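**Student:** what's the 3D shape of this:
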Amino acid sequence: MLSLFSIFYYLVSLVIYILAIPYLLYKTKNKKYKEAIPAKFFLKNNKPFEKSAIWFHVCSLGEAKAIEPLVKELEETNISVITNTGFEEAKKLSFSVRYLPFEIFLPFWIKKQKALVVMEAELWYFLFLFAKKKGAKTYLINARISDKSYASYRKFSFFYKRVFSNIDKVFAQTIEDKERLLELGAKDVEVIGNIKLAQLPKITRSFEKPSETLITAGSTHEKEEELILEAYDRKFGKLVIVPRHPERFEKVAELIESFAKEKNLNFHRFSQQENFSSDIILVDKLGELNNIYAISDIVILGGAFANVGGHNPIEPAFFECKLISGKRIFNQKSLFECVKNYKIIEDSELKETLENVHNIEKSSLVQEGDIKPIIKELHGIR
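**Tutor:** Purely as a prediction, here's the structure:
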């Protein structure tokens, strides 16, 4: 039997959905949304999960990556997502991946699951309500309430109290988050840190650090190497360039060789000489990036000067490098939230930033995380 609030909530959601249909159909013409919108709002190719298992729900790519160590600990999982990038990442973790339908479909779409495990701020009312009604234990993990969003959460506390009434346990990032969550109606809250930091970078071998400043351009993409070379001056220190994709090694080598001749600098490829004796070094071997971050002073993080969405800032921050990134970090925003001290710049500002790098503080990780309490909890579910 549904409460009056649930019936009212469903009717309001239904009205919003009907009004939004023309806009949704229009957006479906966009290649970016041609699969996601029909799946979420019209249930196209989006059947309920076939088996009862541990069901993870995440929003996007960063959250999908964060649950990887949890998924690996479990025999069978289902994963639902919101975004296209989240869907692609989730497919690497499980054979059973779905887009989460809009709320009006959830009462009929959700089938019995062993548990529902939701990441961070995906506080969909019907998601928790009907998962619990159909027999699942319900969890919110990596929960946080930022200073910026705290006021709006309190303003709608009447709603969130109803959401939290259907959540069995919450794993929060900090003590402050725990206090705020309890205020909003959460019942059982345990602080375990940020699980996105549960898998910290490791070095596989040690290199001798040069006496000069070492600048590493990590995970670079097309046109980023050119941008970095144009901004580079030998007085800044030695430059290491690590392209993201190995198929580009030859092209980048030709680019650097031409630049080095023009500027009268020496250059070598790491595959031929595994040291940092030259002015510019191209790392044309896989699996060395963290080993090089470990001895770097400055990191120019690739993927955000090109329109790729950025790359993982946790790695250079763990080694306390001065961290510089472009503005296009849309795939890595959740991970940048885990980092203290980094510089986001326009492409044209790179040379000036390197000239004034002494003004940039070393990056570091805001906190750590522990996934063992979550694994213990999930292993106890039958």
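**Student:** From the centre of the protein, give me the residue that's furthest out.
**Tutor:** Outermost residue of the chain with respect to the C-alpha centroid, by CA atoms, centre = their mean, is N264; its distance is 40.7 Å.
**Student:** Tell me the spacing between that one and F56.
**Tutor:** Computed as CB to CB, to the nearest Å, the N264 to F56 distance reads 55 Å. Every residue, glycine included, has its C-beta placed from N, CA and C.
**Student:** With K209 instead?
**Tutor:** Counting by CB to CB - K209 and F56 are separated by 41 Å.
**Student:** who's more crowded, the two?
**Tutor:** Higher neighbour count among K209 and F56: F56, with 28 against 12, using other CB atoms under 10 Å.
**Student:** Wait, a helix at that one?
**Tutor:** No: assignment of F56 by DSSP: H, G, I helix; E, B strand; the rest coil gives strand, placing it outside any helix.
**Student:** Quick one: residues contacting it.
**Tutor:** I67, L70, V71, T77, N78, I79, S80, V117, V118, M119 (CB atoms under 8 Å, 6 or more residues apart in numbering).
**Student:** what sits opposite the last one in the beta ladder?
**Tutor:** Following DSSP bridges, M119 is listed with bridge partners I141.
**Student:** Burial check on it, number of neighbours?
**Tutor:** Residues near M119, counting by other CB under 10 Å, number 25.
**Student:** Just to check, it is in contact with G62?
**Tutor:** No: with contacts counted by CB atoms under 8 Å, M119 stays clear of G62, the gap being 9.2 Å.
**Student:** Just read off the phi/psi values of the residue farthest from the centre of the chain.
**Tutor:** In terms of degrees, to the nearest 10, the main-chain angles of N264 are phi 60, psi 50.
**Student:** again with the one 4 residues further on
**Tutor:** For H268, the backbone dihedrals (degrees, to the nearest 10) come out as phi -150, psi 160.
**Student:** what's the closest non-adjacent residue to it?
**Tutor:** Spatially, and ignoring its direct neighbours in sequence, H268 is nearest to S278 (4.6 Å; CB to CB, 6 or more residues apart in numbering).
**Student:** Repeat that for H245.
**Tutor:** Nearest non-adjacent residue to H245, counting by CB to CB, 6+ apart: H221, 7.7 Å away.
**Student:** and the gap between that neighbour and V299?
**Tutor:** Distance, H221 to V299, using CB to CB: 15 Å.
**Student:** now F164
**Tutor:** The spacing between F164 and V299, counted by CB to CB, is 40 Å.
**Student:** for E320, same thing?
**Tutor:** In terms of CB to CB, E320 sits 10 Å off from V299.
**Student:** quick one on the thing from earlier: in terms of neighbours, single out the busier of H221 and V299.
**Tutor:** More crowded of H221 and V299, by other CB under 10 Å: V299, with 29 against 18.
**Student:** Now that one: which helix or strand?
**Tutor:** strand 298-301 (DSSP states H and E).
**Student:** How about E257?
**Tutor:** Using DSSP H and E, E257 maps to helix 249-263.
**Student:** That helix - contacts with which helices or strands?
**Tutor:** Here helix 249-263 touches helix 224-231, strand 238-243, strand 267-269, strand 280-282, going by 3 or more CB pairs under 8 Å, 6 or more residues apart in numbering; DSSP states H and E.
**Student:** Of these, which is nearest Q199?
**Tutor:** With CB to CB as the criterion, Q199 lies closest to strand 238-243 of the helices and strands packed on helix 249-263, at 20.4 Å.
**Student:** what are the C-alpha coordinates of the strand or helix carrying S149, in PDB please?
**Tutor:** Using DSSP H and E, S149 sits in helix 147-155. Taking C-alpha atoms only, helix 147-155 is exported to PDB below (Å, rounded to 0.1, in the frame of the first residue of the first chain):
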ATOM      1  CA  ASP A 147      28.800  23.200   1.900                       C
ATOM      2  CA  LYS A 148      27.300  24.400  -1.300                       C
ATOM      3  CA  SER A 149      24.400  21.900  -1.400                       C
ATOM      4  CA  TYR A 150      23.800  21.800   2.400                       C
ATOM      5  CA  ALA A 151      21.300  24.700   2.400                       C
ATOM      6  CA  SER A 152      19.200  23.200  -0.400                       C
ATOM      7  CA  TYR A 153      19.200  19.800   1.300                       C
ATOM      8  CA  ARG A 154      17.900  21.400   4.500                       C
ATOM      9  CA  LYS A 155      15.300  23.400   2.600                       C
END
